[in-house]
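In: Dropping a prediction and its sequence here:
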Amino acid sequence: MRVFHCKWIFVGLISFLFSCKNDSTEPLLAINKNEQSMFNDQIREQYFMALDSTSYYMKQIDTLNTLSKNKSLFLKSRKWYKRVEPMLIAYDYENYISMNAPNLLKVEIDDHQDIRIQKSKSFQVLEELLYDENGFSNKELNDVLEYLKIRIPFIRNNHILITQRDRHHLKMIRDAVVNIATKGITGFDSPMLSNSLNEAVYNYETILNVITIYKDAFASKDLYTKWQTEINTTIDMLKKGSFDEFDRYSFIKLHTNNQLELVDKTAKDWNIELSKSRALDPTVTNLFDKNFFNMKMFSMQKSPEITEERIALGKQLFNDKALSSTGTISCASCHIEEKAFTDGHAKALGVNGKELQRNSPTLTYAVYQRSLFFDGRADGLEDQIVGVTNNKNEFHIDLDKLEEKIQEKPQYKAQFDSLYHGEISNMNVRNAIATYIRSLATFDSKFDRNINGLEETMSEEEVNGFNLFMGKAACATCHFPPAFNGTVPPKYMESEFENLGVPKNASFENPVLDDDWGQYYPYQVDEKKHFFKTATVRNADLTGPYMHNGVYKTLEEVVEFYNVGGGLGMGLDVPHQTLPSDSLNLTEIESKAIIAFMKTLTDKQFEKLN
């Protein structure tokens, strides 16, 4: 049986690489947006083959083997997993997350009586066990193997790849392209081996295979040829690169963006429309385009359209001190435009100059966070505004009183009559302010203008800094492009929280762990202690001091903190730290380059103000 299966794997590999295709020499009228794809069977065959191959090698990993044999089997299983990954992302996202999860505890909290804490048992965990220089216990290895050996066949037997339409398969390709650029080439899921470039090749082999399956469905044979050429050129670039030296800037500019353009052209060629009810706008052809995100999916349901008039009204409310109980502070008091909507203080100052608990984060790109406040206690911008108005050290005003204050001003009444059908409600007030905040994501920094091909002004040091940020320095494994925050690609449906071991003092020689426990409250779960939201690094040059407690005054200190491995790397006791404690081994030149890159993320509106 094993001999037969090995032979099947070999035949399957040949089939995978060279693919099957329809024998017809005539163009197929195969694309009908109202019917399921006629290519489902072929794509499903590839899905099954890749999953079966993943499982085949996984089942052979055993504690009785030599370590070298287990490592070899792991790499073979992982290769096939990466070939099935684009389909998993598209058609079984929950299992994709489970199979590809970082080696971190997963804490799910519904209420005080329903708290679930689970250890990850993913490919990443298996990689860390097999390649950890300190060794591992057989129990640890068996726990992970037992899960994966059962889970992979389960995924195969419970698949939903049945009635997909052609637009679903094209969306699969687009999501895979985005995932490779934003996570795949950063080392996100190859923590020990940094095998990301090879694994991106396996992803692209699947993309190429799907394109080949669809060969006869292309009305434009030239477009099909462009796809073939583009993917093969991309694979060649990936194969020639080393992880630390890979030019990710050129990769995204020349290949990722070209592939997004090809997806758009293919949708038109196939006469189909990709769904716009997702986090990303499927028609956008540049990763750093202002419209890359679908703004509607980052707004409350049934929110009014974002217009210049509503933005202007929101800006007025944002700057109106009369809306606070004391009449002395506004939103703009803690979020000053010239400082990229921060306030320059280590910790924000509330009513009567009282120091608040945490630093004022920038409001730029806040729209693309799925959770607000450093501890994530608000689910959206409108919800976040409630937290500010009700806080006794901030606005300290209930929502009914807020409505009354606005109703007393004739100029507001006229604007609400025009923009909100005459209804001055706290919900409409919050929506107007949130609409203004949503406008603070312009994607027009020096970096954006360069990678979008609008100008060529990036220095060699700045480009090198981006490549380090996305590679060796591992910044992008938490600060995901294009917003460079913690909202996770390619679905962008959740925002990450990290435990970095941030100290309360800026000393690297004698640090003291900060006593703000972050997400520990309100449920008092030890495994969430010291966890805080991953903020954007866009406009970072203007948003110091840094971290949730404003402990570091300069970007140089921030980079050094990460370089030494956070709190654990400095010798602090930080259970459940998510930042690896080993040094990044960045040179002084490399650290300066990363900072130079971050300074290119200053939006044009702030370039003019400073």
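Out: Yep, it's here. Numbers count the residues shown, from 1 in each chain.
In: Report pLDDT for residue 418.
Out: With respect to pLDDT, residue 418 scores 92.
In: the domain parsing of the protein - what is it?
Out: Domains of the chain are assigned by automatic domain parsing as 2-275, 297-438, 446-609.
In: So what's the gap between the second one and the chain middle?
Out: The offset between the C-alpha centroid of domain 297-438 and the centroid of the whole chain comes to 26 Å, using C-alpha atoms, centre = their mean, to the nearest Å.
In: go on, stretch 107-122?
Out: Relative to the centre of its chain, stretch 107-122 is centred 22 Å away, using C-alpha atoms, centre = their mean.
In: Please apply the same query to stretch 292-306.
Out: From the chain centre to the centre of stretch 292-306 is a distance of 18 Å (C-alpha atoms, centre = their mean).
In: What are the contacting residues of it?
Out: For stretch 292-306, the surrounding residues in contact (C-beta atoms under 8 Å, 6 or more residues apart in numbering) are 276-281, 284, 286, 310, 367-368, 380, 382, 419-420, 431, 434-435, 438-439, 441, 443, 482-483, 492. C-beta here means a position set from N, CA and C on the backbone, and glycine is covered the same way.
In: How many residues are close by residue 264?
Out: Using other C-beta atoms under 10 Å, residue 264 is surrounded by 17 other residues.
In: An error on my part: the question was meant for residue 110.
Out: By other C-beta under 10 Å, neighbour count at residue 110 equals 9.
In: Surely it forms part of a strand?
Out: Yes - assessed with DSSP: H, G, I helix; E, B strand; the rest coil, residue 110 lies in a strand.
In: List the single closest residue to residue 92 in space, sequence neighbours excluded.
Out: Spatial nearest neighbour of residue 92, chain neighbours left out: residue 155 (6.1 Å); criterion: C-beta to C-beta, 6 or more residues apart in numbering.
In: In a strand, the one you found, correct?
Out: No - counting by three-state DSSP, residue 155 is not part of a strand but helix.
In: re earlier: among the domains of the chain, single out whichever gets nearest to residue 290.
Out: Nearest to residue 290, of all these, is domain 446-609, at 8.1 Å by C-beta to C-beta.
In: quick one, strands of the protein?
Out: With DSSP state E as the criterion, the chain has strands at 105-111, 114-119, 497-498, 532-533.
In: Lowest average confidence across these, which one?
Out: Mean pLDDT is lowest for strand 105-111 among those, at a mean of 83.
In: Identify each buried residue in it, please.
Out: For strand 105-111, burial by neighbour count (16 or more other C-beta atoms under 10 Å) applies to residue 107.
In: Now tell me what touches that strand from outside.
Out: Residues from elsewhere that reach strand 105-111 (C-beta under 8 Å, 6+ apart): 115-120, 523, 525, 527-528, 576.
In: at 10 Å what do you get?
Out: By C-beta atoms under 10 Å, 6 or more residues apart in numbering, the list of residues contacting strand 105-111 from outside reads 97-98, 114-120, 497, 519, 522-523, 525-528, 531, 576, 578.
In: same check, this time on stretch 448-463
Out: If you take C-beta under 10 Å, 6+ apart as the criterion, stretch 448-463 is touched by 247-250, 252-254, 256-257, 286-290, 442-447, 464-466, 481-482, 538, 589, 592-601, 603-604.
In: Kindly write the PyMOL command that selects the buried subset of those.
Out: Filtering the contacts of stretch 448-463 down to the buried ones (16+ other C-beta under 10 Å) takes a single PyMOL command:
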select buried, resi 247+248+249+252+253+254+256+257+286+287+288+289+443+444+445+446+447+464+465+466+481+482+538+592+593+594+595+596+597+598+599+600+601+603
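In: Narrow the contacts of stretch 448-463 to those in helices?
Out: Cross-referencing those against helices under DSSP state H gives 248-250, 257, 446-447, 464-466, 589, 592-599, 604.
In: Any idea how many residues pack against residue 232?
Out: As a burial measure, residue 232 scores 12 neighbours (other C-beta under 10 Å).
In: Per-residue pLDDT of the closest residue to it other than its chain neighbours, please?
Out: Excluding the flanking residues, the one nearest residue 232 by C-beta to C-beta, 6+ apart is residue 208, at 7.4 Å. Among the per-residue scores, residue 208 shows a pLDDT of 98.
In: separation between residue 208 and residue 235?
Out: 8 Å (C-beta to C-beta, to the nearest Å).
In: Over to residue 592?
Out: 33 Å.
In: what's the answer for residue 604, then?
Out: Distance of residue 604 to residue 235, computed by C-beta to C-beta: 36 Å.
In: now swap in residue 204 and tell me
Out: 5 Å.
In: Comparing these two, which residue is more hemmed in?
Out: Of the pair residue 204 and residue 235, residue 204 is the one with more neighbours under other C-beta under 10 Å, namely 25 against 19.
In: which parts of stretch 390-403 are buried?
Out: 394-397, 399, 402-403.
In: which secondary element of the chain has the worst mean pLDDT?
Out: Lowest on mean pLDDT, DSSP states H and E among the helices and strands of the chain sits helix 2-18, with a mean of 43.
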